[in-house]
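1. The following comprises the amino acid sequence and a computationally predicted model.
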Amino acid sequence: MPSLFPRPAVRRPAVVLEAGHRWAVLLPMALMLASDYKLRSRPVDETVGGSPDLTVFLEIGVYGLAALYLYWRFGMRPPVRRTTGLLFAAWAFTGYVAMSALWSPFMSLGVVRGAQLLVTMALVQVLATRATVADLHRLAHAFVIVVLGSVAIGVAHPFPRTPQTLTRFNWLYVHPVIAGVYLGIAVLLVFGLLIRSRRYGEQARGWPPLVYAAVLLVLMGALVATGTRGAAAGAAAGLLVLMATARGPRGRIDLVVIGGAVGAVGVLAFADKIMNFVARGETADKLASLNSRTDLWTLAMRAYQEKPIFGHGLGASRGLFLQDIGLGGGHNAFVNALVDNGTVGTALFVALLLTLGTVLVTLVRRRELRGDAGTLLGILAFFLVDGITTEGLAMPANVSGIWLLLLVAFTEALRRGRFRTADEPPRVLVSVPGISVPGTTLPGASVPGVSVADAPAAPEIESAPHRT
């Protein structure tokens, strides 16, 4: 199927973690792993009101080291260029959410989460203004490798399960819902890397297509094994959006033909398994209430009516419903935002999502950026569907919240310039006597570690006979 998996026109260079750019990969991965990967399990009530243990101190320490590194490497100073509307929307949302910790009934938890959110946004600001698209491609590959390693750990050494997750796949003490989010994002990243092709000087880089295909099968199998219906539905929606946008009109034709055929075969051949996956052995009453989520949302709306403007504060939803229903969090991104951040914070959250989606749709119209922008749109669609049953998208210090802000950084990197591979020969600008162009070098000169393509373009000089 050459239209879906095109043969690369050039050789595929390896994904190399270049010195000087490692922070763009290591820092985001460190924040995600410190937030979600645990070697112990604690009840929800201890998370809200319990004393911190070594794992909590380790998580706070990782964020603190990340903040110190950003200060040491890049300093703290006002931006030297005008910010974009997307970055402004991200800062407005994160700033308000962090500030809402000041009136939270669980202030200690709220202050810690707010500080973590500001550290994450500071990292995103640096990524958005300094990282290249190549750096973010390396981040995508590193994320996929970590998820693959996690799947291997879950298969080789299953950790003790709770009665609710006894038959569901996970790794370490990561909840299957969180594991499903990791797997859903990885599936979309791998699929996007698989179908990306060379356009307008852009080189498809990374692994061979067969490797991507094999990794995709493993990740999809693990995602189904988690039994996380929200993540599975989100991944399906994300794949539809990705195929419809990443390859333009040709991709939409592929979506209609291939998607229709695969869907029909799947429904006819695996109808029983699909229904078993959706039902997951639960009673009709539990399915009708979405595992008590509708009862929780009723309590959440009552809490929202108590403080509708500014909300109860960051982290409030983790403890407001424990006594009544035994669940922590809103189990819906928008419900959680209403309870914690009120109408003001929810409006900022929706504005961020709408701005991000609008910018990505604009980037999809440019053929050289279509592959990456379509992948980001697919991940955004995944979050919107998965956010119906999970609150992570509106909360700091988890994979969903971090990746939402990483989408902002990736989008800004796409807008700043096209993707260039590490082995592309540098172009040397020739100096013209009497004309000084910043960033130019003498013929034959080279500047290690500097890409002249980022320098201002040299002015076009006409020959003397053609001048007017």
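-> Cool, the structure landed.
2. can you pull the buried residues of stretch 134-151?
-> Buried positions in stretch 134-151, judged by neighbour count with 16 or more other C-beta atoms under 10 Å: 134-144, 146-148, 150-151. Placement of C-beta: from N, CA and C, glycine included.
3. Closest one to L353 out of those residues, please.
-> L136 (19.9 Å; C-beta to C-beta).
4. Who are the contact partners of the closest one?
-> A24, L127, L406, A409, F410, A413 (C-beta atoms under 8 Å, 6 or more residues apart in numbering).
5. helices or strands next to the lengthiest helix in the chain in the packing?
-> When the chain is parsed with DSSP state H, its longest helix is helix 333-364. Helix 333-364 sits against helix 85-99, helix 293-306, helix 317-320, helix 370-386, helix 399-416, with contacts defined as 3 or more C-beta pairs under 8 Å, 6 or more residues apart in numbering; DSSP states H and E.
6. and it, which residues are buried?
-> Quick answer for helix 333-364 (16+ other C-beta under 10 Å): 333-342, 345-346, 348-349, 351-353, 355-357, 359-360, 363-364.
7. repeat for stretch 53-64
-> Applying 16+ other C-beta under 10 Å to stretch 53-64 flags E59, I60, V62, Y63 as buried.
8. same for the helix or strand hosting T120, what does it pack against?
-> Assigned by DSSP states H and E, T120 falls within helix 107-130. Using 3+ C-beta pairs under 8 Å, 6+ apart, the elements in contact with helix 107-130 are helix 23-36, helix 54-74, helix 85-99, helix 399-416.
9. So V408 is in contact with A92, correct?
-> No. Here V408 does not reach A92: they are 12.0 Å apart, not a contact under C-beta atoms under 8 Å.
10. any shared contact partners between these two?
-> Common neighbours of V408 and A92 (C-beta under 8 Å, 6+ apart) are L352.
11. Pick out whichever of the two has more residues nearby.
-> V408 (25 against 16; other C-beta atoms under 10 Å).
12. what's the distance between the closest residue to L183 other than its chain neighbours and P208?
-> Spatial nearest neighbour of L183, chain neighbours left out: L223 (4.1 Å); criterion: C-beta to C-beta, 6 or more residues apart in numbering. As judged by C-beta to C-beta, to the nearest Å, L223 and P208 stand 23 Å apart.
13. Specify which residue of those two has the higher count of neighbours.
-> The residue with more neighbours, out of L223 and P208, is L223; 24 against 10, by other C-beta under 10 Å.
14. Tell me who's in contact with the more buried one.
-> G180, L183, G184, V187, A231, A232, A235.
15. how about 10 Å then?
-> Taking C-beta atoms under 10 Å, 6 or more residues apart in numbering, we find L223 in contact with 151, 169, 179-184, 186-187, 231-232, 234-235.
16. Can you pull out the low-pLDDT segments for the stretch 151-300 of the chain?
-> Scanning the stretch 151-300 of the chain for pLDDT under 70 picks out 163-164, 197-205, 248-292.
17. rerun at 50
-> 197-204, 261, 265-270, 277-279, 284, 287-288 (pLDDT under 50).
18. on that earlier part again, for V241, find the nearest of the helices and strands packed on helix 333-364.
-> helix 370-386 (4.2 Å).
19. Tell me what angle that closest one forms with helix 333-364.
-> Put simply, helix 370-386 runs at 170 degrees to helix 333-364, going by axes from the mean of the first three to the mean of the last three C-alpha atoms, to 10 degrees.
20. Now flag whichever of the buried residues of stretch 53-64 is closest to R293.
-> E59 (27.2 Å).
21. ok now do the closest one, which residues does it touch?
-> When contacts are taken as C-beta under 10 Å, 6+ apart, E59 is in contact with L31, L33, A34, S35, D36, Y37, K38, P52, V112, Q116, A397.
22. which of those are buried?
-> Going by neighbour count (16+ other C-beta under 10 Å), the contacts of E59 have L31, A34, S35, D36, Y37, K38, V112, Q116, A397 buried.
23. for the last one, what are its contacts?
-> By that I understand A397. 31-32, 34-36, 59-60, 63, 112-117, 119-120.
24. cool, and the third one?
-> Residues in contact with S35, defined by C-beta under 10 Å, 6+ apart, are 59, 62-63, 113, 116, 120, 178, 392, 396-399, 401-402.
25. now the strands for the stretch 151-300 of the chain?
-> Counting by DSSP state E, counting those that start in this stretch, the stretch 151-300 of the chain has no strands to list.
26. Show me the helices in it, by range?
-> Secondary structure of the stretch 151-300 of the chain (DSSP state H, counting those that start in this stretch): helices located at 176-195, 209-225, 229-245, 248-254, 260-269, 271-279, 284-288, 293-306.
27. Could you export the first one as CSV, CA atoms only?
-> Think helix 176-195. Output of helix 176-195 as CSV, limited to C-alpha atoms (Å, rounded to 0.1, in the frame of the first residue of the first chain):
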residue,chain,number,x,y,z
PRO,A,176,-4.3,0.4,34.3
VAL,A,177,-6.0,3.7,33.4
ILE,A,178,-2.6,5.5,33.5
ALA,A,179,-1.0,2.6,31.6
GLY,A,180,-3.7,2.9,29.0
VAL,A,181,-2.8,6.6,28.5
TYR,A,182,0.8,5.8,28.0
LEU,A,183,0.0,3.1,25.5
GLY,A,184,-2.5,5.2,23.6
ILE,A,185,-0.1,8.0,23.1
ALA,A,186,2.7,5.6,22.1
VAL,A,187,0.3,3.9,19.5
LEU,A,188,-0.4,7.3,17.9
LEU,A,189,3.3,8.3,17.9
VAL,A,190,4.3,5.1,16.3
PHE,A,191,1.6,5.2,13.7
GLY,A,192,2.4,8.8,12.9
LEU,A,193,6.1,8.0,12.5
LEU,A,194,5.2,5.0,10.3
ILE,A,195,3.2,6.9,7.7
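28. Just give me the neighbour total for the closest residue to L123 other than its chain neighbours.
-> Using C-beta to C-beta, 6+ apart and skipping the chain neighbours, the partner closest in space to L123 is L27 (5.6 Å). By other C-beta under 10 Å, 22 other residues sit near L27.
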